[in-house]
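Asker: Build the 3D model from these lines:
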Amino acid sequence: MKTPRRYTVLAVDDDDINLMILTKCVQETGFTVKSFESGDAAWEFLVNNPRAIDIALVDKMMPGLSGLELLKRIKGNDMLRHIPVIIQTGDVGVAQMSEGLSSGAYYYLTKPFHPHILSAILNSAANECAMREELLLQASADHAQFMHLMHEGDFVIKTHAEAGILASTISQAAVYPEFIAVGLMEILSNAIEHGNLDIGYQRKNRCLVANRWKEEIENRMNSAQYGMKVVHVHLEKNISGLHVIIRDEGKGFDWTNYMYQDQPSGNLSEPNGRGIAKAFIMLDDLRYADNGNEVHCNVSLATPKHHHDEHGVADARPMAQ
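Answerer: Below is the predicted model:
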């Protein structure tokens, strides 16, 4: 059996006592920790070691380079922007949190925090790291060419593994494949979990905190009530790119509660409930149907790198749409 990779967390806090508590909690959750007492020192390390950190946990208010400015630098750097950044703060208002979330923060950890909540958030971030790595492994130039050749298609998926294959394949023809892959995976996962498997927000929260989320998914996948449900995905190429329609077989839900501007402040610091909000940032024109079990979005397609004429000579002309 393959040994799970041990992820490394960057912990940054100018208060040495807080930093010691953070380090202890992170280590007890099963992660390696690299600690710094200033945002400037953390940034210098990141720039010089761009592959050393998987997840960042930073205090929002620090002298010098603040946690929010460190977040913006990370998200503005091509080598670092994939890192999930968790902001630790005493500010619990929606306006304060939205500032960080709109800049790319993964979660907010409000002070004082319970170790179980930190553990659940870190495990959730680690799952996103693993998902990103798997999507990148699945990527190939052939996938991109396949998507450019396709004008319309219908797919049926049931599992997260199948969702990952489809999200990765679609994304390879996109202008920003990494963001499209993660955004599509968030929507497909929501269709599987909350749609077909009928796992509500509170239920998922409890499972994540108890570290039994995968067990919950497997149990429902194997049940007679939910096990036969599938997610339907329709793709149609148009003048602006690729139109995607995702429809699950669930009863629907009130999706408006999971957009940034509508979230109560408590939801923003819990280990789930942000997938749809993240997808709104990563995907173009994302919109749900009224009852929430059908979602539409558009994917901007990149110009293919190579196109061969009848003699096999490559040129840079865009393929006909």
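
Asker: From what I see, residue 209 and residue 122 are in contact.
Answerer: No. In this structure residue 209 lies outside contact range of residue 122 using CB atoms under 8 Å: 11.9 Å. All C-beta spots, glycine's among them, are computed from the backbone N, C-alpha and C.

Asker: between these two, who's got more neighbours?
Answerer: residue 122 (24 against 19; other CB atoms under 10 Å).

Asker: hang on, the more buried one packs against residue 10?
Answerer: No. Contact between residue 122 and residue 10 fails when scored by CB under 8 Å: they sit 11.9 Å apart.

Asker: Tell me where this protein is predicted with low confidence.
Answerer: 1-4, 91-102, 135-144, 257-274, 304-321 (pLDDT under 70).

Asker: Count residues in the vicinity of residue 19, would you?
Answerer: Residues near residue 19, counting by other CB under 10 Å: 18.

Asker: hang on, the earlier thing: what do residue 122 and residue 10 both touch?
Answerer: Shared contacts of residue 122 and residue 10, defined by CB atoms under 8 Å, 6 or more residues apart in numbering, comprise 55, 57.

Asker: show me the contacts for residue 183.
Answerer: Neighbours of residue 183 in contact, by CB under 8 Å, 6+ apart: 278, 279, 281, 282, 283, 286, 297.

Asker: for residue 289, what are its contacts?
Answerer: Residue 289 sits in contact with 295, 296, where contact means CB under 8 Å, 6+ apart.

Asker: Next up, phi/psi of it, please.
Answerer: phi -70, psi 170 (degrees, to the nearest 10).

Asker: before we move on, what about the one 3 residues further on?
Answerer: Dihedral angles phi and psi of residue 292 (degrees, to the nearest 10) take the values phi 90, psi 0.

Asker: Number of residues surrounding it?
Answerer: Residues near residue 292, counting by other CB under 10 Å: 22.

Asker: Repeat that for the one 4 residues further on.
Answerer: By other CB under 10 Å, the residues close to residue 296 number 16.

Asker: How about the secondary structure of it?
Answerer: strand (DSSP: H, G, I helix; E, B strand; the rest coil).

Asker: quick one: it from residue 188, how far?
Answerer: Distance, residue 296 to residue 188, using CB to CB, to the nearest Å: 14 Å.

Asker: okay, and the common contacts of those two?
Answerer: residue 246.

Asker: what's near enough to touch residue 59?
Answerer: So residue 59 contacts 12, 13, 14, 15, 18, 67, 87, 88, 89 (CB under 8 Å, 6+ apart).

Asker: Just give the closest residue to it, not the sequence neighbours.
Answerer: residue 13 (4.3 Å; CB to CB, 6 or more residues apart in numbering).

Asker: got it, and residue 243?
Answerer: In space, and not counting its chain neighbours, residue 243 is closest to residue 236: 4.8 Å by CB to CB, 6+ apart.

Asker: what sits against the one you found?
Answerer: By CB under 8 Å, 6+ apart, the neighbours of residue 236 are 151, 152, 242, 243, 245.

Asker: Surely the residue nearest to residue 59 and residue 38 touch.
Answerer: No. Under the criterion of CB under 8 Å, residue 13 makes no contact with residue 38, lying 9.3 Å away.

Asker: who touches both of these two?
Answerer: Common neighbours of residue 13 and residue 38 (CB under 8 Å, 6+ apart) are residue 62.

Asker: who has more neighbours, the two?
Answerer: The residue with more neighbours, out of residue 13 and residue 38, is residue 13; 26 against 16, by other CB under 10 Å.
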